[in-house]
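> fold the following and give me the result.
(one chain, ligands or ions: 1)
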Amino acid sequence: MSEVFARRVSLAITGASGVQYALRLLECLVAADCQVFLMISKAAQVVVATETTLGLPGAAEQQEIFLSAKYQARSGQIKVFGREQWMAPVASGSGAPSSMVICPCSTGTLSAIACGASNNLIERAADVALKERRQLILVPREAPFSEIHLENMLKLSRMGAVVLPACPGFYHQPTTIDDLIDFVVARILSQLGLEHALLPRWGEKYI
Ligand SMILES: Cc1cc2nc3c(=O)[nH]c(=O)nc-3n(C[C@H](O)[C@H](O)[C@H](O)COP(=O)(O)O)c2cc1C
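Here you go, the predicted model:
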């Protein structure tokens, strides 16, 4: 019998710096009993190897086993799909969850989505989210932004995507890197409408 989860969310991790945001988000989504349809680009795997000591395997099936164990996911809670797995639910409006997050979102993927390239499963899943008018949350990280990046973000924002830059604030007086990561992840969870206690809400503590 297939397991029932509180919610389904697609999460794509692309090759921008800040994979820690994605890993923390995945942990929070699992804790919130979401089923996560996960996609990890090739470049993201290079970033994982550069920025962490995680030891993430390369193949989708192995990633699924590894991440499910790491975050103590229920059976079937984390489903990892490969870059050309076109039969995955996320590749069609009839199977895709109501929300998709791309975190972090490289400027390359941003541009591919803005022009509808759909050359890999991440780009296709984002294209599906846009055509179906579903929630698409993009977490770009680049500095500075070129006019191309800004135009792509404006175009996607006008189509209904939420552009939520990996750009932590400091008014919560962070003392650790985890505090900075949680600042961004809290924003994403709030966009998804998921309750969390990663940060006090504005007005509860800061005034
Ligand atoms: C360690 C590392 C850090 C990177 N950081 C960024 C970044 O912050 N933002 C970005 O847009 N691209 C960054 N890149 C470049 C992208 O990974 C590259 O453009 C890649 O083609 C993106 O592919 P993807 O969108 O399929 O993941 C980085 C690459 C590496 C290896």
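
> low-confidence stretches in this protein?
Under the criterion pLDDT under 70, the flagged ranges of the chain are 1-2, 206-207.

> residue numbers of it in contact with the ligand?
Residues of the chain lying close to the ligand (C-beta under 6 Å from any ligand atom) are 14-17, 41, 43-44, 46-47, 50, 106-109, 141-142. All C-beta spots, glycine's among them, are computed from the backbone N, C-alpha and C.

> of those residues, buried ones?
The neighbour-count test (16 or more other C-beta atoms under 10 Å) marks T14, G15, A16, S41, A44, V47, S106, T107, T109, R141, E142 as buried among those.

> ok and the residue in the chain nearest the ligand?
At 2.6 Å from the ligand, G15 is the closest residue in the chain, using C-beta to the nearest ligand atom.

> list the contacts of that residue.
By C-beta atoms under 8 Å, 6 or more residues apart in numbering, the contact set of G15 is S41, K42, A43, A44, V46, V47, S106, G108, T109.

> ok, 6 Å please
Going by C-beta atoms under 6 Å, 6 or more residues apart in numbering, G15 touches S41, A43, A44, V47, S106.

> the fourth one looks like it's in a helix, true?
If I follow you right, that is V47. Yes - looking at V47 with DSSP: H, G, I helix; E, B strand; the rest coil, it is inside a helix.

> ok, it touching V19?
Yes - at 5.1 Å, V47 counts as touching V19 under the criterion of C-beta atoms under 6 Å.

> ok, back up a step: look up the closest residue to the residue of the chain closest to the ligand, ignoring the ones flanking it.
Leaving aside its sequence neighbours, G15 sits nearest to A43 (C-beta to C-beta, 6 or more residues apart in numbering; 2.5 Å).

> elements contacting the strand or helix carrying the one you found?
A43 is part of helix 42-51 when elements are defined by DSSP states H and E. Applying 3 or more C-beta pairs under 6 Å, 6 or more residues apart in numbering; DSSP states H and E, we find helix 42-51 packed against helix 19-31.

> from A32, how far out is V4?
Counting by C-beta to C-beta, to the nearest Å, the separation of V4 from A32 is 14 Å.

> quick check: the residue of the chain closest to the ligand is in a helix.
No - membership of G15 in a helix is not supported by three-state DSSP, which gives coil.

> ok, it to I102 distance?
Taking C-beta to C-beta as the measure, G15 falls 11 Å from I102.

> how about the helices in the protein?
Applying DSSP state H to the chain gives helices spanning 19-31, 42-51, 60-70, 107-114, 121-131, 147-158, 177-192.

> can you give me the offset of the second one from its chain's centre?
Between the mean C-alpha point of helix 42-51 and the mean C-alpha point of its chain there is a distance of 15 Å (C-alpha atoms, centre = their mean, to the nearest Å).
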